[in-house]
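Engineer: quick one, structure for this:
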Amino acid sequence: MPGGRLTQQERRQIALGLADDLPYAQIARGLGRPTSTITREVMRNGGPAAYRADLAHRATERRAHRRSSTASRRADSSPQPHGRDAEAVAEYAETLTTVLMASGLAKMPARVLTCLFTTDTGSLTASGLAQRLQVSPASISKAITFLESQSLVRRERDERRRARYVVDNELFYQATIASARSNDRLVEVARQGVTILGSQTPAAARLENIARFLDFISESLTRAAEQAREVLHTTSGTAPNDAAPPRPSPPEQAG
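Structural biologist: Model prediction:
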């Protein structure tokens, strides 16, 4: 299986696969590469609609040169904490950002979230984020506003009364609960349709099944989040509870 960076020829094969609407997994198999490599390559170079092999190859070369230069400067001026490899950290940050983008985040919120995740303190000021990401304060402000609206970061004041943006373990619990409750309105409207369309009709049965499904997902996710909440607060060097939380039982089938 090939290793290392993608070649220009491999990028052209990716472009051909995208043009034929092939799934990432099939393109990856054809190249003998992991699917994650293809996903990351496409998402960091404009997405499936805008991907161009030659442009992607040149952009990757520029990123590699910039990353190498940045890592060298950091190594000379400010050593990484805990003996970390600056280039490896930069590569990992790019990978995590790509995965967050693939999950639905826009690029700048994904970069901000990655920056906070990979900071030991888990918090930075707006100016600190702008400096680390080399972007304008306005870009940071817009990204933070979105992340706050999704309960993915929270704001607090430090001893100098500066706003600091924090990502901590509890936020994952809160975001999960919010996600579980986001379907409540759809469940309510689906059940209104059951009444209006007539409970014995096929259309009403379809809507009732959707409502029951979403109800079960919401309840199961909430229960699982409550049961697993303590895992988020496991400290370094402390083994988590070996006993996995009990899995929720599926809903009974209607007779």
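Engineer: from residue 169, how far out is residue 233?
Structural biologist: 6 Å (C-beta to C-beta, to the nearest Å). Where C-beta positions appear, they are placed from N, C-alpha and C, glycine not excepted.
Engineer: next one: residue 59
Structural biologist: Residue 59 sits 35 Å away from residue 169, taking C-beta to C-beta as the criterion.
Engineer: show me what contacts the closest residue to residue 169 other than its chain neighbours?
Structural biologist: Nearest residue to residue 169, sequence neighbours excluded (C-beta to C-beta, 6 or more residues apart in numbering): residue 232, at 3.7 Å. Taking C-beta atoms under 8 Å, 6 or more residues apart in numbering as the definition of contact, the neighbours of residue 232 are 169, 170, 172, 173.
Engineer: swap in residue 118?
Structural biologist: 89, 92, 93, 96.
Engineer: contacting residues around the second one?
Structural biologist: Under the criterion of C-beta under 8 Å, 6+ apart, the contact list for residue 92 reads residue 118.
Engineer: so among the contacts of residue 118, which ones count as buried?
Structural biologist: 93, 96 (16 or more other C-beta atoms under 10 Å).
Engineer: now render the contacts of residue 118 as JSON lines, adding pLDDT.
Structural biologist: Compiled in JSON lines, the contacts of residue 118 are given as follows (pLDDT from 0 to 100):
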{"residue": "89", "pLDDT": "85"}
{"residue": "92", "pLDDT": "87"}
{"residue": "93", "pLDDT": "88"}
{"residue": "96", "pLDDT": "88"}
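Engineer: in JSON lines, list the contacts of residue 118 along with distance to residue 177 and secondary structure.
Structural biologist: Formatted as JSON lines, the contacts of residue 118 follow (distance: C-beta to C-beta, whole Å; DSSP: H, G, I helix; E, B strand; the rest coil):
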{"residue": "89", "distance to residue 177": "32", "secondary structure": "helix"}
{"residue": "92", "distance to residue 177": "29", "secondary structure": "helix"}
{"residue": "93", "distance to residue 177": "28", "secondary structure": "helix"}
{"residue": "96", "distance to residue 177": "24", "secondary structure": "helix"}
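Engineer: nearest to residue 25 among the contacts of residue 118?
Structural biologist: Proximity of the contacts of residue 118 to residue 25 was ranked by C-beta to C-beta; the top entry is residue 96 with 21.0 Å.
Engineer: packing partners of the helix or strand residue 176 falls within?
Structural biologist: In this assignment (DSSP states H and E), residue 176 forms part of helix 169-181. Based on contacts counted as 3 or more C-beta pairs under 8 Å, 6 or more residues apart in numbering; DSSP states H and E, the elements that helix 169-181 packs against are helix 202-228.
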